[in-house]
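>>> Need coordinates for the below:
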Amino acid sequence: MEIDYIHRNCEIQIIVIKRFRGQGLAQKALRKGIEYAFSILNMHKVYLIVDANNHPAVHIYKKLGFRQEGTMKDHFYTNGQYRDAYFMGILKDEVEFDYVK
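Got it, this is the predicted structure:
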């Protein structure tokens, strides 16, 4: 989404359409994206913004090592109401993937 080469951080985003959910594709794609960000782009941090009510996505992000850094109040407007979002990030030194280090 966004790449900042000066501060060496970038935003990552993934969307899996309904018929392909539950197959582990989001986790695999995110691992590849994180690997690319840290090993090829030489980023220091990868971050994302997720709907606070999207519990499956938050679970995947935490499983991959992302930490919730903050809550953005009323950040999304959907279905006639505002919803909170989490700002989550992971640092290169925190990554547990062997192929990244």
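
>>> where does Ile3 land on pLDDT?
With respect to pLDDT, Ile3 has a value of 96.

>>> now swap in Phe97 and tell me
Looking at Phe97, its pLDDT reads 63.

>>> From His75, how far out is His7?
Counting by Cβ to Cβ, to the nearest Å, the gap from His7 to His75 is 22 Å. For every residue, glycine as well, the C-beta is placed using N, CA and C.

>>> ok, those two, which is more surrounded?
With other Cβ atoms under 10 Å as the criterion, His7 and His75 differ in neighbour count, and His75 comes out ahead with 16 against 9.

>>> quick one, phi psi at the more buried one?
The phi/psi pair for His75 (degrees, to the nearest 10) reads phi -80, psi -30.

>>> burial of the residue nearest to it when sequence neighbours are not counted, as a residue count?
Spatially, and ignoring its direct neighbours in sequence, His75 is nearest to Ala85 (3.8 Å; Cβ to Cβ, 6 or more residues apart in numbering). Close neighbours of Ala85, defined as other Cβ under 10 Å, add up to 20.

>>> And the helices in the protein?
Under the criterion DSSP state H, the chain contains helices at 25-35, 55-63.
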